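Asker: Give me a 3D structure for the following:
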Amino acid sequence: MGGKDTDGSDREPGPVDPEDIGPAGAVIAVAFTGSVIAFVGFALLVLLGDVGFVLVAIGLLVVFASPAAYFRYRQLYG
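Answerer: Residues are numbered from 1 along each chain as shown. Have a look, this model is predicted:
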């Protein structure tokens with residue numbers, strides 16, 4: 001059903017080990033997770049008020065902290 005790989009085969013991707021992701025991939029995953037938390041919080045803001053606001057704040061904190069953590073990682077382990 002899916003498309004073909006660049007070599008013409010139609011393979012399913014295998015498992016991904018944590019060392020294959022690397023720090024940049026981890027930053028993307030964490031920032032995406034933070035944005036999902038923020039969007040859920042924004043949706044709940046209408047229904048639950050303060051609980052939604054807290055989730056928005058936590059999500060935005062995660063979104064903005066993940067690149068800062070990556071830059072700190074690069075500075076330390078460059």
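Asker: And the top helix by length along the chain, what does it pack against?
Answerer: Of all segments of type helix in the chain, defined using DSSP state H, the longest is helix 18-48. On a contact count with 3 or more CB pairs under 8 Å, 6 or more residues apart in numbering; DSSP states H and E, helix 18-48 meets helix 50-77. The way it works is simple: take the backbone N, C-alpha and C, and place the C-beta from them, glycine included.
Asker: ok so, going back, would you mind getting the angle between the longest helix of the chain and helix 50-77?
Answerer: Counting by axes from the mean of the first three to the mean of the last three CA atoms, to 10 degrees, helix 18-48 points 160 degrees away from the direction of helix 50-77.
Asker: How far off centre is helix 18-48?
Answerer: The chain centre lies 4 Å from the centre of helix 18-48; the measure is CA atoms, centre = their mean, to the nearest Å.
Asker: and it, which residues are buried?
Answerer: Residues 27, 30, 31, 34, 37, 38, 41, 44, 45 are the ones in helix 18-48 that count as buried (16 or more other CB atoms under 10 Å).
Asker: Let me know the closest of those to residue 63.
Answerer: residue 34 (3.9 Å; CB to CB).
Asker: Tell me the spacing between the nearest residue to residue 62 once chain neighbours are set aside and residue 74.
Answerer: In this structure, residue 62 finds its nearest non-sequential neighbour in residue 34, 3.0 Å apart by CB to CB, 6 or more residues apart in numbering. In this view, residue 34 and residue 74 are 19 Å apart by CB to CB, to the nearest Å.
Asker: Can you pull the poorly scored residue ranges out of this protein?
Answerer: Under the criterion pLDDT under 70, the flagged ranges of the chain are 1-13, 18.
Asker: same thing but at 90, please
Answerer: Along the chain, segments meeting pLDDT under 90 span 1-31, 45-50, 66-78.
Asker: coming back round to it: format the buried residues of helix 18-48 as CSV; extra columns: distance to residue 58.
Answerer: CSV is the format used below for the buried residues of helix 18-48 (distance: CB to CB, whole Å):
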residue, distance to residue 58
27, 17
30, 13
31, 13
34, 8
37, 6
38, 8
41, 7
44, 12
45, 13
